[in-house]
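# below is the structure, and that's it, no one-letter string:
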């Protein structure tokens with residue numbers, strides 16, 4: 001599996017806990033202050049214990065200065081693509097270019113239907129996602145009088161606006177073969193499932209499917225970022241991964257740095273989104289102790305001054 005050459009970025013997976021809205025925002029502000037690159041917020045509008053994700057992201061962008069945000073990933077069945085495109089462009093404008101578009105076909109179709117989403121099969125939901133990507137990109141292009149005659153979405157001479165402040169990336173959440181192939185054909189990035197749902201050993205075949213679909217579509221696989229949601233905790237002693245435990249990273253910062261370096265150089269991931277309780281010490285350790293070490297090791301291999309083996313066991 002190649003190193004796709006992207007800048008290494010670090011983020012935090014923020015739970016939109018409706019029971020502690022002030023705490024959610026405080027965690028986002030802390031991540032921004034500490035220098036995190038990204039905040040990913042899950043989007044389950046039908047979940048009564050969650051705040052609305054787009055509304056929360058708007059509030060977070062207003063309270064922060066540099067961190068970029070994305071839905072990890074957005075629930076398309078409940079967010080029509082043209083309406084979402086306008087909301088995304090608005091947030092991007094107001095934040096100076098800090099919004100990225102994480103989208104998914106909707107993994108929980110029945111709860112979404114209970115909230116008013118159209119009744120679709122998983123295959124139809126994937127078709128709708130492909131149409132949606134085309135629509136949001138057309139909306140952000142600034143082209144006037146947009147028309148789209150899809151099976152699931154139609155536009156009748158839409159005049160889009162406002163335009164985003166920067167070229168918003170479209171990152172797709174995908175796990176199954178057809179969704180992975182769609183990612184390779186049309187997406188700017190792949191948001192892989194949580195490590196406990198897709199352990200590293202299973203990401204290699206998934207990456208190969210994305211790359212094959214990209215090449216078949218005349219695209220360079222290196223154009224697609226690879227984002228991994230990484231659960232774990234910091235502990236005095238590392239837990240050696242086995243088939244049953246290779247679902248999280250547990251150990252001291254050095255152990256984390258080794259694991260993330262290997263995920264980057266051996267499996268091609270460039271963005272590592274920490275999934276952990278919102279403990280300030282954990283957030284600080286990850287970005288201050290782990291992130292610089294991983295960047296240094298990956299840079300050494302890319303510069304030819306260290307081998308992947310040396311970097312992974314520095």
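Arrived safely, thanks for sending. The structure displayed is predicted, hence computed values, not measured ones.

# the closest residue to residue 254 other than its chain neighbours: neighbouring residues, count only.
With Cβ to Cβ, 6 or more residues apart in numbering as the criterion, residue 254 has its nearest non-adjacent residue at 7.6 Å, and that residue is residue 293. Quick note: C-beta positions are derived from backbone N, CA and C, even for glycine. The number of residues packed around residue 293, counting by other Cβ atoms under 10 Å, is 18.

# surely residue 293 is in contact with residue 253?
Yes. The pair residue 293 / residue 253 is scored as a contact, 7.1 Å apart, by Cβ atoms under 8 Å.

# tell me where the chain has strands.
Here the chain has its strands, by DSSP state E, at 9-14, 38-41, 68-71, 74-75, 101-104, 146-149, 154-158, 170-173, 189-194, 225-234, 249-251, 271-275.

# closest to residue 115 out of these?
With Cβ to Cβ as the measure, strand 74-75 is the member of the strands of the chain nearest residue 115 (9.3 Å).

# could you list the paired strands of that closest one along with their orientation?
strand 101-104 (parallel) (DSSP bridges).

# quick one: residues in contact with the strand it pairs with.
Residues from elsewhere that reach strand 101-104 (Cβ atoms under 8 Å, 6 or more residues apart in numbering): 40, 43, 70-76, 84, 88, 129, 132-133, 136, 168-174, 191.

# any low-confidence regions in the stretch 151-300 of the chain?
Where the stretch 151-300 of the chain drops to pLDDT under 70, the residues are 241-246.

# just the helices in it please.
Ranges of helices in the stretch 151-300 of the chain, per DSSP state H, counting those that start in this stretch, are 177-186, 200-216, 253-267, 280-285, 291-302.

# for those, give me CSV that also has distance to residue 145.
Shown next, in CSV, are the helices of the stretch 151-300 of the chain (distance: least, Cβ to Cβ, whole Å):
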stretch, distance to residue 145
helix 177-186, 23
helix 200-216, 31
helix 253-267, 44
helix 280-285, 46
helix 291-302, 45
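
# residue 62 is nearest to which of the ones you listed?
Between the helices of the stretch 151-300 of the chain, helix 280-285 lies closest to residue 62; by Cβ to Cβ that is 20.5 Å.

# and that closest one, how far out from the chain middle?
21 Å (Cα atoms, centre = their mean, to the nearest Å).

# over to stretch 133-145?
Taking Cα atoms, centre = their mean, one finds stretch 133-145 lying 22 Å from the centre of the chain it belongs to.

# which parts of that stretch are buried?
Judged by neighbour count using 16 or more other Cβ atoms under 10 Å, the buried positions of stretch 133-145 are 133, 135-140.

# and for stretch 57-76?
For stretch 57-76, by 16+ other Cβ under 10 Å, it's 57-58, 60-61, 64, 67-76.

# who does the spatially most central residue of the chain form a beta bridge with?
Against the mean C-alpha coordinate of the chain, by Cα atoms, centre = their mean, the closest residue is residue 191 at 4.3 Å. When bridges are called by DSSP bridges, residue 191 pairs up with residue 173, residue 227.

# my guess is it contacts residue 229, does it?
Yes. In this structure, residue 191 is within contact of residue 229 by Cβ under 8 Å, at 7.3 Å.

# tell me, what's touching those two both at once?
The overlap between the contact sets of residue 191 and residue 229 (Cβ under 8 Å, 6+ apart) consists of 40, 72.

# list the contacts of residue 156.
residue 147.

# check residue 145 and give its pLDDT.
Listed pLDDT for residue 145 reads 90.

# quick one: it and residue 159 touch, right?
Yes. Checked against Cβ under 8 Å, the pair residue 145 and residue 159 is within contact range at 6.5 Å.

# and the longest helix for the chain?
Secondary structure of the chain per DSSP state H: the longest helix is helix 122-141.
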